[in-house]
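Asker: Got a predicted model here, sequence first, then my questions.
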Amino acid sequence: MTQAPSRSDVPLLFATRAARLFAYGLLSVVLVLHLVAAGLDEVRVGLLLALTLLGDTAVSLFLTTHADRLGRRRTLVAGAALMILAAAVFASTTWFPLLLLAATVGVMSPSGNEVGPFLAIEQAALTQQVPAERRTGIFAWYQLAGAVATALGSLAGGGLAGALQQAGVAPLASYRAVTVGYGAIGLLLVVMFLRLSPGVELAAAPGGSPRRAFLGLHRSRKVVLELSALFSVDAFAGGFVVQSFAAWWFHARFGASPVMLGTIFFGANVLAGLSALSAAAIARRLGLVNTMVATHLPSNVLLILVPLMPTLPLAVAVLFLRFSISQMDVPTRQSYTMAVVDPDERSAAAGVTGIARTVGAALSPLAAGPLYASAALASVPFFLAGGLKIVYDLALWQRFRAVRPPEERGETRAAPG
């Protein structure tokens, strides 16, 4: 059971998403430069970034699996406070132990991607703010809003640091100014989260006692853990062809310049963002699981074909075609997860599946690096990624094609199988 929704919460949740992703993009482009300017060597920078990701994972798992009992607004405010904490430390000291502590317990995004407890809780809140038939479409626009905000934040972070240095500011001071901006956005998020209505919270369970749960899950635990296992396989496969690796491959194979690479991946990411908007219309016809598989399968075949193209224009054309359909599964995947669990499990379900994807994606680059370093094996990661993703698609369809969300069954409540 949920509180009565407030219409004002939907635009406010979109605004918090945009502000947060702008902050992540702002910091991501200067974070390593900041650490090097602070006197850290490569080993300590690597350790700090690794602990940043591990710490964010641990914080996210704890907060998202407890959010529906601690209070969603309270948990979101806590996450924003951890952003402020990390920014305050990074902007005020170069002492490595303190930086390491702040990176581990604070919330920072070295990649510009979503970290912390926010995504899972906001998805749960959005789900109860809109009718079921609009959920996938809302998630698609939510995805696009974050992508645009990250791009703008990246431009702003690099531009601010560059402008300050041209004005005579020392490099470390310029990066600290960007970090202060990150903390200021964290403070803005605190204010915005406090303005959310009680409609984002769960009402007390009937009888006043919460159901016994593990990781915040009860009735849907089996479904969520099975989805998490499958999603981790998909993310593991994607880790073989992360953008930095793919850009290096285009440079090594075809001699693409940095400017050309920037143009290629700007276009690819725009197509990916726009592709998500088509997901809702397709899902209304095919259903969420069928849409996830029907759009993801051909995109993975195209991924396998990229290294088989003999020229740069052909390889880019296949890559663009792949990206034009590759992200349709993102809002449908998120929407499906929210639909097949109970309302008081949504934050936890999004958190657990998100953590599973994070862990999967973190492992594969360790194996991909040596493959890209060999001219004879540099195309193998594309084949591994596409092949594993196809296995994921088929396994997902086989297991979950009969587990339909309530709106596809004409019901108001999910029944995981």
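Answerer: Yes, it's here.
Asker: tell me the contacts of Leu144?
Answerer: In this structure, Leu144 makes contact with Gly273, Leu274, Ala276, Leu277, judged by Cβ atoms under 8 Å, 6 or more residues apart in numbering. Glycine gets a C-beta too; all of them are placed from N, C-alpha and C.
Asker: Can you say which of those residues are buried?
Answerer: By neighbour count, with 16 or more other Cβ atoms under 10 Å, those hold Gly273, Ala276, Leu277 as buried.
Asker: Where does the first one fall, secondary structure wise?
Answerer: Yep, that's Gly273 we're talking about. Secondary structure from DSSP states H and E places Gly273 in helix 258-276.
Asker: For that helix, the averaged confidence score.
Answerer: Averaging pLDDT along helix 258-276 gives 78.
Asker: Output it as CSV - backbone C-alpha positions only.
Answerer: The C-alpha coordinates for helix 258-276 follow below in CSV (Å, rounded to 0.1, in the frame of the first residue of the first chain):
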residue,chain,number,x,y,z
PRO,A,258,40.5,11.7,-31.3
VAL,A,259,38.3,14.2,-33.0
MET,A,260,36.8,11.5,-35.2
LEU,A,261,36.3,9.2,-32.1
GLY,A,262,34.6,12.0,-30.3
THR,A,263,32.2,12.5,-33.2
ILE,A,264,31.6,8.8,-33.6
PHE,A,265,30.6,8.2,-29.9
PHE,A,266,28.7,11.4,-29.6
GLY,A,267,26.5,10.2,-32.4
ALA,A,268,26.3,6.7,-31.0
ASN,A,269,25.2,8.0,-27.6
VAL,A,270,22.6,10.4,-29.1
LEU,A,271,21.2,7.5,-31.0
ALA,A,272,21.2,5.3,-27.9
GLY,A,273,19.3,7.9,-25.9
LEU,A,274,16.7,8.4,-28.6
SER,A,275,16.3,4.7,-29.0
ALA,A,276,15.0,4.4,-25.5
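Asker: Name the residues that touch whichever helix or strand comes after it?
Answerer: Per DSSP H and E, the first helix or strand lying C-terminal to helix 258-276 is helix 279-286. The contact list for helix 279-286 (Cβ under 8 Å, 6+ apart) reads 133-134, 136-137, 140, 291, 294-295, 327-332, 335.
Asker: With stretch 40-60 instead?
Answerer: Counting contacts by Cβ under 8 Å, 6+ apart, the residues outside stretch 40-60 that touch it are 31-32, 35-36, 79, 82, 96, 99-100, 103-110, 115-117, 120, 351, 354-355, 358-359, 362.
Asker: What of stretch 16-28?
Answerer: Under Cβ under 8 Å, 6+ apart, the answer for stretch 16-28 is 76, 83, 108-115, 118, 122, 142, 145-157, 160, 178-179, 181-182, 185-186, 188-189, 192-193.
Asker: Which strands and helices lie in contact with the lowest-mean-pLDDT helix or strand in the chain?
Answerer: One helix or strand of the chain scores below all others by mean pLDDT, DSSP states H and E: helix 258-276, with a mean of 78. Counting contacts by 3 or more Cβ pairs under 8 Å, 6 or more residues apart in numbering; DSSP states H and E, helix 258-276 packs against helix 132-166, helix 243-254, helix 312-326.
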